[in-house]
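Engineer: okay, sequence plus prediction incoming.
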Amino acid sequence: MNNRRTQYEIYWEILTYCKTQRSITQIIQRCNLNSKIGQDYIDFLESKGYLAKTPEGNKSLYINTPTAKGYLDIFMKLYLELFKNSPEFRL
């Protein structure tokens, strides 16, 4: 099996990291994404209601919503069923 992350793992990483408010720069750097791809993932999660954007000064901060908990729980359950260990992401 290759070591590339699936888009679902990336969604999980972003949502896990955004349990507290984070800037887009922090998300992109911590989740090891380029700015274009990172913005696409963030926009998608925001459009689905999993991330909320709040303006703070001249930038926006993102935090996961209560809806995101459902995704995180389902993803973790499925991942554990398939691979017998939790996904790797050190906060």
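Structural biologist: Done, it's in. Note that this is a predicted model, so its numbers are computed, not measured.
Engineer: surely residue 19 touches residue 65?
Structural biologist: No: at 10.9 Å, residue 19 does not count as touching residue 65 under the criterion of Cβ atoms under 8 Å. All C-beta atoms are positioned from the backbone trio N, CA, C, and that covers glycine.
Engineer: more crowded one of these two?
Structural biologist: Between residue 19 and residue 65, counted using other Cβ atoms under 10 Å, the more crowded position is residue 65 (16 against 13).
Engineer: please report how far that one lies from residue 3.
Structural biologist: Distance of residue 65 to residue 3, given as Cβ to Cβ, to the nearest Å: 30 Å.
Engineer: and if you look at residue 67?
Structural biologist: As judged by Cβ to Cβ, residue 67 and residue 3 stand 30 Å apart.
Engineer: for the two, work out which one has more neighbours and name it.
Structural biologist: residue 67 (13 against 5).
Engineer: against which helices or strands is the helix or strand encompassing the more buried one packed?
Structural biologist: Element membership for residue 67 (DSSP states H and E) is helix 66-83. Applying 3 or more Cβ pairs under 8 Å, 6 or more residues apart in numbering; DSSP states H and E, one finds that helix 66-83 contacts helix 7-17.
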